[in-house]
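# pasting the sequence and the predicted coordinates here, then a few questions.
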Amino acid sequence: MYFCRKRVPNLTRYFLLTWLGIVFLLGVQGFYLPDIVDRWLFLGAMLLFMTGMFIILHHKHQIQVTQLETKIKKYKETSHKNDKNLFEELPVAIIVVNEVGEIIKINSYARRISGISKEEYRINVLQRTNAIDTPLYFLAQTLRGEEEFHEQYYNYQGEQELSYLYVNTSKMVDCQGKTVGAILIACQVSEQSFLGRHLSQRGKLALIGELAAGTAHEIRNPLTTVKGLIQLIAQRFPQGDRARQHFDVIMKEIEQINSIIKELLLLARRTTPNLSFASLPAVLDQVLLLIEGEANCRGIQIIRDYNDQLPLVIIDEDQIKQVFIHLATNAIHAMPSGGELHISARTHDISNALEISFADTGIGIKKEHLARIFQPFFTTTPENTGLGLPVSYQIIDNHGGNLSVRSQLGKGSTFSVTLPLVNY
């Protein structure tokens, strides 16, 4: 009876009891019933027995399925909770946005470095890009399809100390190639690793400077003598004479050699800039006047993206102008078929700096060249000396700033100059 009450459902008990009753009837009255009735009762009893067994087995199977589903549900809940905790506590920053720029996943580390509180929800990164070179800015640029970032350095000023991060971003696409979102992953690196790259570049410039210092003066002295003699000989021929034209060409080439020597000497010594307060928008406007003629001839549109209310900076105006002219000229030459040169300047609140960017829509820079473009004498065009960018890097470094580049082959390059702001 215990079996019937506890182990078997009501319907099954009904069939079992019915079968037992029929068996009892067969046993007691089997001898008095006709054979045909006896056979039909036996077949009916067997049918009831098989039906009952089927119901028992089916019920047992249902119990097992229900128990299994309960275990799976509990496992999923536990697994989801563990995954959520793991995602939240990962020692890397992860931000995922959908196709319209809304943040759909973000962990605690990412909230910390991006300044997003836990209460904020569905923030759109496309609407929060006022600060350049921040995690949200990197994501917005990637989602727009402008560029992806790989091992991009980022400084995060925490509550107690400055952290250095490697930032990587990537677009997320579906099987049809349609953009469905973007993801950012940032991991912290040691201060030694962060500064190693910067110091390595300084070391290269210092080494080439030492080599240049030992030879530049030795070259300049005889070159000055040659220049003087050429000028004396040239005076013996009238203007327009063929020989006089040849001497003029020689003089121009000597001046070119002199300019290279000056750049070598600039690398050779860490010169102290002649610092003074200056308006960066005014400096940029002067640069625009110098380059707009060549830009117009090449079919390049210059976009001025800065206002006149930027804070003053302490710079050597001539040196900074030299850097800006070089960066703008490089950008123009990178667009042989025309394009846009976007010159922007804005404050960077996190690092208390002013950032100036020169972004072109040109041919871009090959990935294998990016690591070498600040090395002295590296150039991809025979007519260049390969000293312009190293000298520019040295000038910005002398100002306590930084010169960096981002590029995507076939889409263009962005050179960014960061200059520190002074609290006064």
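Sure, I can see it.
# can you list the domains in the protein?
Domain assignment for the chain by automatic domain parsing gives 2-81, 90-189, 191-269, 274-424.
# just give me the lowest mean pLDDT stretch among these.
Per-stretch mean pLDDT for these is lowest at domain 2-81 (a mean of 60).
# and stretch 232-250, what's buried?
234, 247, 250 (16 or more other Cβ atoms under 10 Å). Yep, even glycine has a C-beta here, placed from its N, CA and C like the rest.
# report the separation between the last one and residue 92.
Meaning residue 250. Distance, residue 250 to residue 92, using Cβ to Cβ, to the nearest Å: 61 Å.
# what's the closest of the buried residues of stretch 232-250 to residue 117?
residue 250 (69.0 Å; Cβ to Cβ).
# would you say that closest one is within a helix?
Yes. When classified by DSSP: H, G, I helix; E, B strand; the rest coil, residue 250 is found to be part of a helix.
# residue contacts, it?
Contacts for residue 250 were tallied using Cβ atoms under 8 Å, 6 or more residues apart in numbering; they are residue 230.
# the same query, at a cut-off of 10 Å, please.
226-227, 230-231, 233-234 (Cβ atoms under 10 Å, 6 or more residues apart in numbering).
# can you tell me which of those are in helices?
Cross-referencing the contacts of residue 250 against helices under DSSP state H gives 226-227, 230-231, 233-234.
# let's have those in CSV, adding distance to residue 410.
Converted to CSV, these look like this (distance: Cβ to Cβ, whole Å):
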residue, distance to residue 410
226, 45
227, 44
230, 46
231, 48
233, 51
234, 48
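# tell me which two of those residues sit farthest apart.
Checking the ones in helices among the contacts of residue 250 with Cβ to Cβ, the most distant pair is 226 and 234, at 12.3 Å.
# burial check on residue 275, number of neighbours?
15 (other Cβ atoms under 10 Å).
# that one contacts residue 315, doesn't it?
Yes. Using Cβ atoms under 10 Å, residue 275 makes contact with residue 315 at a distance of 6.5 Å.
# between those two, which contacts overlap?
residue 399.
# next up, identify which helix or strand the residue nearest to residue 380 when sequence neighbours are not counted is on.
Closest residue in space to residue 380, ignoring its immediate chain neighbours: residue 369 at 6.7 Å, by Cβ to Cβ, 6 or more residues apart in numbering. Here residue 369 is covered by helix 367-370, with elements defined by DSSP states H and E.
# outside of that helix itself, list whatever touches it.
So helix 367-370 is contacted by 150, 364, 378-380, 405-409, 413 (Cβ under 10 Å, 6+ apart).
# after it, next one along is what?
According to DSSP H and E, the helix or strand after helix 367-370 is helix 388-398.
# buried set for stretch 275-290?
Residues of stretch 275-290 classed as buried: 278, 280-281, 283-284, 287-288 (neighbour count, 16+ other Cβ under 10 Å).
# do you know how far residue 304 is from residue 335?
Applying Cβ to Cβ, the value for residue 304 to residue 335 is 17 Å.
# neighbour-wise, which of these two wins?
Using other Cβ under 10 Å as the criterion, residue 304 and residue 335 rank with residue 335 on top: 20 against 14.
# that one: what's it in contact with?
For residue 335, the contact set (Cβ under 10 Å, 6+ apart) comprises 295, 298-301, 341, 360-363, 412.
# helices along the stretch 101-250 of the chain, start to end?
Secondary structure of the stretch 101-250 of the chain by DSSP state H, counting those that start in this stretch: the helices cover 108-114, 135-143, 191-234, 242-268.
# got the CA positions of the second one in PDB?
Coordinates of each C-alpha in helix 135-143 appear next as PDB, following Å, rounded to 0.1, in the frame of the first residue of the first chain:
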ATOM      1  CA  PRO A 135      37.700  55.500 -23.900                       C
ATOM      2  CA  LEU A 136      34.300  56.800 -25.100                       C
ATOM      3  CA  TYR A 137      36.100  58.800 -27.800                       C
ATOM      4  CA  PHE A 138      37.900  55.800 -29.000                       C
ATOM      5  CA  LEU A 139      34.700  53.800 -29.100                       C
ATOM      6  CA  ALA A 140      32.800  56.500 -31.000                       C
ATOM      7  CA  GLN A 141      35.600  56.800 -33.600                       C
ATOM      8  CA  THR A 142      35.500  53.000 -34.100                       C
ATOM      9  CA  LEU A 143      31.700  52.900 -34.400                       C
END
